[in-house]
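Novice: Turn this into a structure:
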Amino acid sequence: MTTTSESHEPGRLLYDPATDRVGEYRDRAGPYVMLRPVGGGAEWQADPEKVRPATDRERIGAGVRAVNQRARGVPSLPPPLDEASRPPRPVPGCAACLELAERREAARVAYDRSAETDANVLLRQHQRTEHRA
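Specialist: Okay, here's the model as predicted:
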């Protein structure tokens, strides 16, 4: 099925049989129409005599592919921290807790994750033995 360029409106989804893809009509470039993938990406040229309006199924499929591709590109968020995985808080007024918390902060600033973890372990051990409620 062929269509004339008069039926092409910016944003309209068209099927390009040459690439077997659905694209959003952007504009004309010389003898071609410019299509952009659903969800964004590099435009491509298509023969205006070959493209046709996308069917409902093709539009939905292109939308699903765009959402899946976007989801793969976004880093997943870390799981929420539970109380056991949160850094321990120093007990107010305790010099040992304060010293270990300062050691942890210095390690964090230096991007020394090993020393930061060590300080957390020592702070937890100190709190278990000295501040047991």
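
Novice: where does the residue lying closest to His126 once chain neighbours are set aside fall, helix, sheet strand or coil?
Specialist: Leaving aside its sequence neighbours, His126 sits nearest to Ala96 (Cβ to Cβ, 6 or more residues apart in numbering; 5.6 Å). Yep, even glycine has a C-beta here, placed from its N, CA and C like the rest. Under DSSP: H, G, I helix; E, B strand; the rest coil, Ala96 falls in the helix class.

Novice: can you list the residues that contact the lowest-mean-pLDDT helix or strand in the chain?
Specialist: Taking mean pLDDT, DSSP states H and E as the measure, helix 56-73 is the helix or strand of the chain with the lowest mean score, a mean of 88. Contact with helix 56-73 is made by Leu13, Tyr15, Arg21, Val22, Pro37, Val38, Gly39, Gly40, Ala54, as judged by Cβ atoms under 8 Å, 6 or more residues apart in numbering.

Novice: Show the buried residues in those.
Specialist: Applying 16 or more other Cβ atoms under 10 Å to the contacts of helix 56-73, the neighbour count classes Leu13, Tyr15, Arg21, Val22, Pro37, Val38, Ala54 as buried.

Novice: The chain: helices as residue ranges?
Specialist: For the chain, applying DSSP state H gives helices covering 56-73, 95-109, 113-130.

Novice: Tabulate the ones you listed in TSV, adding columns for mean neighbour count.
Specialist: Output for those, formatted as TSV (neighbours: other Cβ atoms under 10 Å):
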stretch	mean neighbour count
helix 56-73	12
helix 95-109	15
helix 113-130	15
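
Novice: Which stretch among those helices approaches Ser85 most closely?
Specialist: Counting by Cβ to Cβ, Ser85 lies closest to helix 113-130 out of the helices of the chain; the figure is 9.9 Å.

Novice: next one: that closest one to chain centre, how far?
Specialist: 34 Å (Cα atoms, centre = their mean, to the nearest Å).

Novice: And the contacts of the longest strand belonging to the chain?
Specialist: Scanning the chain for the strand with the most residues, using DSSP state E, yields strand 21-29. The contact list for strand 21-29, computed with Cβ under 8 Å, 6+ apart, reads 5, 8-16, 33-38, 43-46, 48, 54, 58-59, 61-62.
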